[in-house]
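S.K.: sequence isn't available, so here's the structure alone:
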């Protein structure tokens with residue numbers, strides 16, 4: 001049975017997991033533990049040095065020195081782990097107190113016009129929230145859909161001439177309109193989630209109500225909200241998946257795609273109304289603004305259509321499906337190209353050498369692929385890795401044209417020649433890769449407009 005307790009043992013598992021992911025919790029919360037990490041680093045350096053100079057020692061002397069250093073390393077690691085456990089015992093005790101609560105704060109910056117919240121910077125808030133996420137994940141089997149599974153699956157489903165009805169939509173203001181009372185009812189109707197976990201979730205929601213002043217919604221930006229939203233939608237997902245003639249269904253947060261086999265006498269609008277009615281049971285509504293909702297009756301091979309979903313434009317002509325960059329994603333690239341050129345023009349007046357260096361660094365980041373800094377999960381992003389399901393890279397030529405067009409306004413032929421060597425299409429086709437330091441990332445993102 002899964003241990004849902006907020007014990008120091010469970011917190012230590014969280015600490016170890018986050019550490020493996022490259023999240024340095026010691027420097028964030030425990031300065032004395034950071035000092036032990038520094039000692040571990042020095043001990044390992046000494047061991048490497050001994051091995052590099054092995055030929056200068058007798059076997060007996062070498063073995064003796066190495067044994068002493070490994071013993072020292074083990075002692076430091078044990079001391080470090082003991083310090084961590086002692087800290088986490090205190091954290092666990094504080095979380096267990098009745099007076100403990102999450103203090104939500106609203107960020108000054110909005111994301112896509114939506115308010116974003118944080119649970120506070122305390123060590124107790126961090127570990128309590130992580131444990132809540134684990135408890136929901138393992139007791140309800142909750143996890144967010146994987147877009148790199150959805151996109152190829154959807155293309156495969158659509159890539160034929162069989163009749164089908166396609167519904168593409170999203171939920172209007174998803175996080176902001178989730179009914180908190182209904183959410184708590186869903187949590188409490190089944191005892192599989194521990195009482196302590198449910199109480200802490202209720203405290204988060206109460207804090208959100210006090211900070212936002214809203215009667216509905218869950219806090220956007222808070223990690224546990226992603227799990228709560230998936231739990232909230234489980235009944236909806238189950239009912240949609242059980243519809244007659246269902247061919248394919250996927251939901252990525254609030255973005256929904258449904259493919260059905262058409263029934264005689266039923267139009268795509270009829271199916272859309274059905275989906276709307278099912279969603280209303282969860283006290284949510286579909287978004288009919290800005291082309292967010294589209295429906296197609298693909299009853300013959302003569303019907304052609306296209307729509308954007310999860311960053312890709314799905315284009316179906318004669319039953320064959322191709323994938324390009326979605327309009328919004330292409331606009332984002334175009335905006336960043338302009339950001340890079342404008343930042344160079346602005347900064348080159350006083351610091352031409354630095355501005356030139358930053359310009360080339362930012363263009364390399366846009367047109368190459370890279371492993372994310374401080375990430376042990378091997379997450380790779382870039383023009384190929386972030387758009388790998390594009391079926392023809394010719395759709396990236398417009399980005400190259402945009403870059404070269406804006407670069408033409410730079411009054412430096414040598415620099416324009418260097419810029420012309422950067423290509424989104426080439427970076428995609430050849431999967432060009434580059435490494436960037438944490439300092440590089442900081443310099444790169446300073447140019448992005450909000």
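M.R.: Noted; the coordinates are in hand. This is a predicted model, so every value here is computed, not measured.
S.K.: what packs against the one helix or strand in the chain whose mean pLDDT sits lowest?
M.R.: Least confident element among the helices and strands of the chain, by mean pLDDT, DSSP states H and E: strand 294-298 (a mean of 78). Secondary structure elements in contact with strand 294-298, counted by 3 or more CB pairs under 8 Å, 6 or more residues apart in numbering; DSSP states H and E, are strand 164-170, helix 268-280, strand 305-309. All C-beta atoms are positioned from the backbone trio N, CA, C, and that covers glycine.
S.K.: and it with strand 164-170, angle?
M.R.: Regarding strand 294-298 and strand 164-170, their directions subtend 170 degrees when assessed with axes from the mean of the first three to the mean of the last three CA atoms, to 10 degrees.
S.K.: and strand 294-298, which strands flank it?
M.R.: Using DSSP bridges, the neighbouring strands of strand 294-298 in the sheet come out as strand 164-170 (antiparallel).
S.K.: the partner strand vs helix 268-280, what angle?
M.R.: Relative orientation of strand 164-170 and helix 268-280, computed by the same axes, to 10 degrees: 40 degrees.
S.K.: what does the least confident helix or strand of the chain contact?
M.R.: Contacts made with strand 294-298 from outside it, assessed by CB atoms under 8 Å, 6 or more residues apart in numbering, are listed as 163-169, 262, 267-269, 271-272, 303, 305, 307, 316.
S.K.: got a ChimeraX select line for the buried ones in those residues?
M.R.: This is how ChimeraX selects the buried members of those, with burial counted by 16 or more other CB atoms under 10 Å:
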select :164,165,166,167,168,169,262,268,271,272,305,307,316
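S.K.: tabulate the helices and strands packed on strand 294-298 (TSV), appending distance to residue 201 and mean pLDDT.
M.R.: Conversion of the helices and strands packed on strand 294-298 to TSV gives the following (distance: least, CB to CB, whole Å; pLDDT from 0 to 100):
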stretch	distance to residue 201	mean pLDDT
strand 164-170	25	92
helix 268-280	23	94
strand 305-309	31	91
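S.K.: ok, residue 449 - how many residues close by?
M.R.: Residue neighbour count, defined by other CB atoms under 10 Å, stands at 9 for residue 449.
S.K.: which residue is the nearest non-sequential neighbour of it?
M.R.: Distances taken as CB to CB, 6 or more residues apart in numbering place residue 339 nearest to residue 449, at 5.2 Å, with adjacent residues excluded.
S.K.: using the three-state scheme, assign that neighbour.
M.R.: For residue 339, the reduced secondary structure class is helix; criterion used: DSSP: H, G, I helix; E, B strand; the rest coil.
S.K.: contacts only, for it.
M.R.: Per CB under 8 Å, 6+ apart, neighbours of residue 339: 447-449.
S.K.: format these as TSV; extra columns: secondary structure and distance to residue 208.
M.R.: Output for these, formatted as TSV (DSSP: H, G, I helix; E, B strand; the rest coil; distance: CB to CB, whole Å):
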residue	secondary structure	distance to residue 208
447	coil	34
448	coil	29
449	coil	29
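S.K.: so where do the strands sit in the stretch 101-250 of the chain?
M.R.: Per DSSP state E, counting those that start in this stretch, the stretch 101-250 of the chain has strands spanning 105-106, 117-118, 164-170, 246-252. These are given in chain order.
S.K.: what strands line up against the first one, and which way round?
M.R.: So that's strand 105-106. According to DSSP bridges, strand 105-106 has these partners: strand 117-118 (antiparallel).
S.K.: what's the partner strand in contact with?
M.R.: Counting contacts by CB under 8 Å, 6+ apart, the residues outside strand 117-118 that touch it are 104-107, 208, 211-212, 219-222.
S.K.: return the closest of the residues you listed with respect to residue 244.
M.R.: Each of the contacts of strand 117-118 was scored against residue 244 by CB to CB, and residue 220 proved nearest at 35.2 Å.
S.K.: quick one: the closest one from residue 135, how far?
M.R.: Applying CB to CB, to the nearest Å, one obtains 21 Å for the distance of residue 220 from residue 135.
S.K.: if we can go back for a sec, now the contacts of strand 117-118: which count as buried?
M.R.: Of the contacts of strand 117-118, these count as buried by 16+ other CB under 10 Å: 104, 208, 212, 219-222.
S.K.: pLDDT added to those residues, as a markdown table?
M.R.: What follows is those, written out as a markdown table (pLDDT from 0 to 100):
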| residue | pLDDT |
| --- | --- |
| 104 | 89 |
| 208 | 94 |
| 212 | 91 |
| 219 | 96 |
| 220 | 94 |
| 221 | 92 |
| 222 | 94 |
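S.K.: tell me which of those residues fall in helices.
M.R.: Among those, DSSP state H puts 208, 212 in helices.
S.K.: okay, buried residues for stretch 281-295 please.
M.R.: Counting neighbours by 16+ other CB under 10 Å, stretch 281-295 gives 282, 284, 286-287, 292-295 as buried.
S.K.: and the least confident of these?
M.R.: Scanning the buried residues of stretch 281-295 for pLDDT, the low point is residue 292. It has 75.
S.K.: for the closest residue to it other than its chain neighbours, what are its contacts?
M.R.: Closest residue in space to residue 292, ignoring its immediate chain neighbours: residue 170 at 5.0 Å, by CB to CB, 6+ apart. Neighbour list for residue 170: 254-256, 286-287, 292-293 [criterion: CB under 8 Å, 6+ apart].
S.K.: and the residues you listed as TSV, adding secondary structure and distance to residue 116?
M.R.: As requested, the contacts of residue 170 are arranged in TSV below (three-state DSSP; distance: CB to CB, whole Å):
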residue	secondary structure	distance to residue 116
254	coil	16
255	strand	19
256	strand	23
286	strand	24
287	coil	20
292	coil	21
293	coil	25
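S.K.: ok, of the residues you listed, which one's closest to residue 382?
M.R.: residue 255 (22.8 Å).
S.K.: how close does the closest one get to residue 397?
M.R.: For residue 255 relative to residue 397 (CB to CB), the value is 27 Å.
S.K.: same check on residue 61?
M.R.: Distance of residue 61 to residue 397, computed by CB to CB: 65 Å.
S.K.: with residue 321 instead?
M.R.: Following CB to CB, the distance that separates residue 321 from residue 397 is 21 Å.
S.K.: same check on residue 76?
M.R.: 56 Å.
S.K.: the two: who's more crowded?
M.R.: Relative neighbour count places residue 76 above the other of residue 76 and residue 397, with 19 against 12, counting by other CB under 10 Å.
S.K.: show me what contacts that one?
M.R.: Residues counted as contacts of residue 76 (CB under 8 Å, 6+ apart) are 36, 39-40, 43.
S.K.: pull the number of nearby residues for the closest residue to residue 246 other than its chain neighbours.
M.R.: The shortest distance from residue 246 to any non-neighbouring residue, by CB to CB, 6+ apart, is to residue 260 (5.9 Å). Burial of residue 260, expressed as a neighbour count using other CB under 10 Å, amounts to 21.
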